[in-house]
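J.: Return atomic coordinates for the entry below.
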Amino acid sequence: MMSLDSITLYLVATMVAALLGAMMVFFGKQENSPALKWWGTAYLLGAASVALWTAAGDRLGPHIYLALNAVGFVACGMVWNAARVFHGRKPNWPGLVLGALAWVTAATLLDPAASMLRMLLGAGIVSIYAALTASELWVERRKSLQRRWPAFVVPVMHGCVLMLPILIGSFLRPHDAGFSSSIWVTVFAVELVLYAVGTVFVIFMLVSERTVTAHRTAASTDPLTGMLNRRGFSEACARVIEREAKAGRPVTVMIFDIDHFKSINDRFGHPAGDEMLKLFSTVVVSNLRISDLSGRIGGEEFAALLPCSLEEGVLVAERVREAFETSGVVVDEGPVDTTVSIGVAGGPAGTELEVLLASADTALYQAKRGGRNRVEAAEELPLSLENWRRQSAARIGVPQARPATA
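T.: Numbering: from 1, shown residues only. As a prediction, this is how the structure comes out:
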């Protein structure tokens, strides 16, 4: 009865694995995901080898038996390589077949009666592949560790279950063959079903997370320069301003506007203008610190936020201006002037981004009126946007509305 239950469990496991494998191959083709194709093919190969081994049983010849087991170990190697491909690494072709070769070599040299030893060896090979898969996912954990912990735990648990008979193998006497052929076979069959379902859940969780991240990145990134767009820049700045406000540190914003950009497009064409934008984005990123933020907020307008004082921001802006001016762009028609006007505005801790941008834009306008290719700094700002508007209106003589009285 136990043997029948084990066979039934193995057949259920292979059907589940085959169904999940076919589903992953289908979605891999739909989404053009090589990793999903690797995972799906591994499941199909593993399911086919286990199904044939379970159905044929003792009727298999020794060579076919070795071949089916070798295919199963190749499938385990494919699962590990799928994790590598998913994270942008090349497949490890020697490692893909090393487990199968080790099994065939050992099974050929071992005594045919040493079934327990062969089972332990096979469990050890699968455990090594599970550990390699878990290691691959652990190395690539990055900032999403809290969401990715199942991706690490599932293969680790799979390896632990398979290693369990190896760890206690020294306590099993040769006459305990019935024990190994009943309990462990049943445990492995149940664990195989759980592992198949759990792994697919983890795989689709990772793929879904990557898809969401890609869409989020595309929505906040300028496709031409690779910098943050206006939306991405605003969202990132809000987080930095909040962080700096808690620490009581000031922030500085600068707005860049490439001088005479329209005439560059008109004279040399839009491809030359695009190259100019990419060149300037490189200059900005190269002259800012890793903690600074920068983005393209308009056609030829760029902005940056620096967690520093206004004085430091002016020095950085001047460095960017000089670097762009000396970049030396030459086209077929001759050299192209590469100058930029920059407005800089700073404020105390907690100053709103809209206030800083508005003031920096005013300073930029002054830089352009002053002859371009220069840096202009705005006065230090009040904390709130409402106060800034009131002060701006007062400077130009706009009457302020009186508060309502009872």
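
J.: List the single closest residue to residue 300 in space, sequence neighbours excluded.
T.: Of all residues not flanking residue 300 in the chain, residue 261 sits nearest, at 3.9 Å (Cβ to Cβ, 6 or more residues apart in numbering). C-beta: built from backbone N, CA, C; applies to glycine.

J.: From residue 230, how far off is that neighbour?
T.: 17 Å (Cβ to Cβ, to the nearest Å).

J.: Same check on residue 271?
T.: From residue 271 to residue 230 the distance is 24 Å (Cβ to Cβ).

J.: Comparing these two, which residue is more hemmed in?
T.: residue 230 (15 against 10; other Cβ atoms under 10 Å).

J.: In contact with residue 227: list those residues for me.
T.: By Cβ atoms under 8 Å, 6 or more residues apart in numbering, the contact list for residue 227 reads 221, 281, 284-285, 294-296, 302.

J.: what number of residues lie near residue 37?
T.: 20.

J.: Please apply the same query to residue 244.
T.: Look at residue 244: counted by other Cβ under 10 Å, it has 18 neighbours.

J.: you'd agree residue 111 is in a strand?
T.: No - going by DSSP: H, G, I helix; E, B strand; the rest coil, the assignment for residue 111 is coil, not a strand.

J.: Check what pLDDT it gets.
T.: Note on residue 111: pLDDT of 79.

J.: how far away is it from residue 117?
T.: Residue 111 sits 8 Å away from residue 117, going by Cβ to Cβ.

J.: how about the residue nearest to residue 300, what does it touch?
T.: 273, 276, 299-300 are the contacts of residue 261 under Cβ under 8 Å, 6+ apart.

J.: now do residue 338
T.: Contact partners of residue 338, counting by Cβ under 8 Å, 6+ apart, are 258, 276, 279-280, 324-325, 327-329.

J.: Residue 249 against residue 307, yeah?
T.: Yes - taking Cβ atoms under 8 Å as the definition, residue 249 is a contact partner of residue 307 at 6.0 Å.

J.: Among the two, which residue is more densely surrounded?
T.: residue 307 (20 against 15).

J.: about what we covered before: do you know the pLDDT at the residue nearest to residue 300?
T.: pLDDT recorded at residue 261 is 89.

J.: for the chain, what spans make up the helices?
T.: Ranges of helices in the chain, per DSSP state H, are 2-30, 34-56, 62-86, 93-109, 115-139, 145-167, 177-179, 185-220, 230-247, 261-268, 270-287, 310-325, 353-369, 385-395.

J.: Distance to residue 337 for those - can I get that in a markdown table?
T.: Formatted as a markdown table, the helices of the chain follow (distance: least, Cβ to Cβ, whole Å):
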| stretch | distance to residue 337 |
| --- | --- |
| helix 2-30 | 50 |
| helix 34-56 | 46 |
| helix 62-86 | 47 |
| helix 93-109 | 53 |
| helix 115-139 | 48 |
| helix 145-167 | 49 |
| helix 177-179 | 85 |
| helix 185-220 | 32 |
| helix 230-247 | 26 |
| helix 261-268 | 8 |
| helix 270-287 | 10 |
| helix 310-325 | 8 |
| helix 353-369 | 15 |
| helix 385-395 | 33 |
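
J.: And these, which one averages the lowest pLDDT?
T.: helix 177-179 (a mean of 44).

J.: contacting residues around the closest residue to residue 285 other than its chain neighbours?
T.: Counting by Cβ to Cβ, 6+ apart, residue 294 is the residue found nearest to residue 285 once chain neighbours are left out, at 6.2 Å. Contact partners of residue 294, counting by Cβ under 8 Å, 6+ apart, are 227-228, 233, 281, 284-285, 288, 302-305.

J.: re earlier: which two in the contacts of residue 227 are spaced the farthest apart?
T.: The largest separation in the contacts of residue 227, counting by Cβ to Cβ, is between 221 and 284 at 15.0 Å.

J.: Just want to know which of these two has more residues nearby.
T.: A count of neighbours by other Cβ under 10 Å puts residue 284 above the other of residue 221 and residue 284, at 25 against 17.

J.: wait, the more buried one sits on residue 256?
T.: Yes - Residue 284 lies in contact with residue 256 (Cβ under 8 Å); the separation is 7.0 Å.

J.: Now for these two: what residues contact both?
T.: Residues touching both residue 284 and residue 256 (Cβ under 8 Å, 6+ apart) are 302, 304, 320.

J.: Distance check, the second one against residue 216.
T.: Put plainly, it is residue 304. Going from residue 304 to residue 216 by Cβ to Cβ gives 22 Å.

J.: Setting aside sequence neighbours, what's the nearest residue to residue 350?
T.: Once flanking residues are discounted, residue 350 sits nearest to residue 245: 3.9 Å by Cβ to Cβ, 6+ apart.

J.: Can you verify my assumption that that neighbour contacts residue 349?
T.: Yes - counting by Cβ under 8 Å, residue 245 touches residue 349, with 4.7 Å between them.

J.: one step back: comparing residue 111 and residue 117, which residue is more hemmed in?
T.: residue 117 (14 against 8).

J.: quick one: contacts for that one?
T.: residue 110.

J.: Look up how far residue 106 lies from it.
T.: In terms of Cβ to Cβ, residue 117 sits 9 Å off from residue 106.

J.: All set, thanks.
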